[in-house]
Every structure is written in structure tokens, then in C-alpha cells.
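Novice: Fold the stuff below for me.
(one chain, ligands or ions: 1)
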Amino acid sequence: MDYIKLSNNLEVPQLGFGVFQIAPEDTKEAVKKAIEVGYRHFDTAQAYFNETQVGEAIEESGIDREEFFITTKVWHSSHGYEETKKACEESLNKLKTDYIDLYLIHQNIGDIFATWRALEDLYDEGKVKAIGVCNFTPSRFTNLSLHSKIKPMVNQIEINPFYQQDSQEKFYEKYDAVIESWGPLAEGKNNIFSNPILKEIGEKYDKTVAQVILRWILQRGIIVFPKSVKKERMIENFNIFDFELSSEDMEKIKELETGNPIANIDDPMFIEAISKYGV
Ligand code: NAP
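Specialist: Sure thing, here's the model as predicted:
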């Protein structure tokens, strides 16, 4: 496993396992399988409704809590100082732990500053070991960074071959922040697994399309946590540390950029739609 250091020196396993869209009744089994495969980094959220099952799988593994890296996120319907502190307590209870490794603001909606003050205090209290955001554009990230005591250590954003966000590494370097990729496999959309360019690259290294994509993200210095409920795919997605894509192949993947995200976080219609959805 490779690790990425955050600005506070906390080390994050660069490859993790995401549990978005895994039904609560399937989550414990999926996380147990992922632990067997070797995953120790799990990405969940208040709004995924499966923190309890993630916590159960981790507890029942019998492996020390310190060996895991757990991320969860506060949903906008819990934004505000007191509400966020309450949401964090609930997440801690569900996850059956006394600390969260990385606590994130899930969407850039509502009272971000009061919510961020709560995250700063939770960090100072040691209840969360690192804090950050998701789905912030560079301008919103700059605003929060410049007007807070603690700058966000992470921005979790959509990154996949069809939506690469190429200029972002340089931008977040400036703020000493690390990027995490959500939807790395484009959630399987647009026939990604039969894309001819990715297939051709994979054949050269005797690797699958999923492995090529995940390796491409690792080599950009980005943290990634693909989701799968199938053990053979969990194994496949884990086996990406024994090869390296050439700079020519890294360049070739750039040709796949479409400019079209799965979620257009800067579109007022997206904000309207997400705002209606509470937990
Ligand atoms: P993803 O990981 O890009 O894609 C998951 C899809 O790919 C599933 O349909 C899965 O199917 C399939 N898959 C996985 N490995 C495969 C393989 N090796 N070969 C073929 N198919 C494969 O999508 P995601 O779950 O949206 O993103 C990953 C994580 O990012 C999430 O779980 C979540 O933790 C996080 N996330 C965060 C946000 C945010 O707003 N912060 C938004 C979205 C996601 P099977 O399960 O059937 O294998």
C-alpha cells in the first residue's frame, strides 16, 4: 500500500473502498469481504445510511481500530454548528469508534462556515483526526481556506478518465491540500470498461481497464476508493501496485476527457436538487 500525507502529517492509505450505493443490508458483507482482501481505508457518509454496517464489519474483524482509516461526511441537512456536532456524535456511535480519521463536508450547500467551525472544534477535541470538504470548486475552496483557522486538508471531487480535472493537482498543492477521487470508474457509465484506449493500454501491462484507471489516479498522487460488491472485483481493484504506466500512456488517457461530469456541482439545478434531499 502507498500512503499520502496530509498537511497535519496524518497518513492516508492511497487506495480505499467506497460504500456509496451499497444497500445497508449488503454493506456489512461487502466491507467484510473488502477487509479480507486487504482494504483498511473505508469511505462512507451520513447520507449513505450504512455507517452502522461499516462499523459492525470493522468491529467484527477483530483487527485493531488503529489499522483502519475511516472517512465519513456530514450531509447538508445537518449543517450548522450544533447540528454538525450532533451529526458527528451520531456517526461515531454508528461506526462504533471514538474517533473518525477524516471528517468531510459532503456538499457545498447551506451554512458552510458554521459547519466548518464545528469541524475545526471536533478536530481540536481529537474526535476527528483530519478535516476536509467534498465537491468544492477551486473558488469556493479558496474562500473557505482564506477565512478559516484550519484550512481543509482534503477536497474529495469527481475524477475519472471522462472528467479528469487536470489542473487541480497544482491548485490544491498551493493550499497544501490533497485530492480524493470519487467515481473513479465513472460509476461504470459510458461503457468505460470497454473503452478501446483503456483496453489497449491494459493489454500492454496485462491489466484490466479498472486497474489501468486506478493506477492512472494513483500516479497523479490522488487518493481513490472504488466501490464493488463483488469480491473478485475488490481483488482486481486492489492489485494495482505491481505496475507503472509510462508517461506516454498517462498522456494517452488525457484524450478521453469529455468535459462532462457525472454531477455538475456548479450548476444551480444540481444545488436545487440536492437541497431537497435531507437525511
Ligand atoms: P465507482 O467506484 O466509480 O464505480 C462503481 C461501479 O463500478 C459499480 O457499478 C461497480 O459494480 C463497478 N465496478 C467496480 N469495480 C469494477 C471492476 N473492477 N470491473 C467492472 N466493474 C467494476 O463509483 P462510486 O461508488 O460512485 O465512487 C467510489 C466512491 O466514491 C463511493 O463509493 C463513495 O465512497 C465516494 N463518492 C463520493 C461522492 C461525494 O460526493 N463525495 C460521490 C460519489 C461517490 P459492482 O459493485 O457490481 O462490482
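Novice: All the strands of the stretch 101-250 of the chain, residue numbers only.
Specialist: 102-105, 131-134, 154-158, 178-182, 223-224 (DSSP state E, counting those that start in this stretch).
Novice: Pairing partners for the second one, with directions?
Specialist: Listed by DSSP bridges, the sheet partners of strand 131-134 and their directions read strand 102-105 (parallel), strand 154-158 (parallel).
Novice: I would like the residues contacting it, please.
Specialist: 73, 102-108, 116, 119-120, 122-123, 141, 144, 150, 152-157, 177, 180, 182 (C-beta atoms under 8 Å, 6 or more residues apart in numbering). Just so you know, the C-beta spots here come from the backbone N, C-alpha and C atoms, and that holds for glycine as well.
Novice: Could you tell me which ranges of the chain sit under the pLDDT cut-off?
Specialist: By pLDDT under 70, the chain has no low-scoring segment.
Novice: what residues does it put near the ligand?
Specialist: Neighbours of the ligand within the chain, by C-beta under 6 Å from any ligand atom: 18-21, 43, 106, 134-135, 156, 182-188, 193, 210, 225-230, 233, 236-237.
Novice: Can you select the buried ones from those residues in ChimeraX?
Specialist: One line in ChimeraX is enough to select the buried ones among the residues of the chain next to the ligand; burial here means 16 or more other C-beta atoms under 10 Å:
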select :18,19,43,106,134,135,156,182,183,184,185,186,187,210,225,226,227,228,229,233,236,237
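Novice: need the contact list for Tyr39.
Specialist: Tyr39 touches 15-17, 234, 238, counting by C-beta under 8 Å, 6+ apart.
Novice: now do Pro184
Specialist: 159-160, 213-214, 217, 224-226.
Novice: As a quick check, tell me the outermost residue of the chain.
Specialist: Lys204 (28.8 Å; C-alpha atoms, centre = their mean).
Novice: before we move on, which element is Asn253 in?
Specialist: One correction, residue 253 is Ile, not Asn. Take DSSP states H and E as the rule and Ile253 turns out to sit in helix 247-253.
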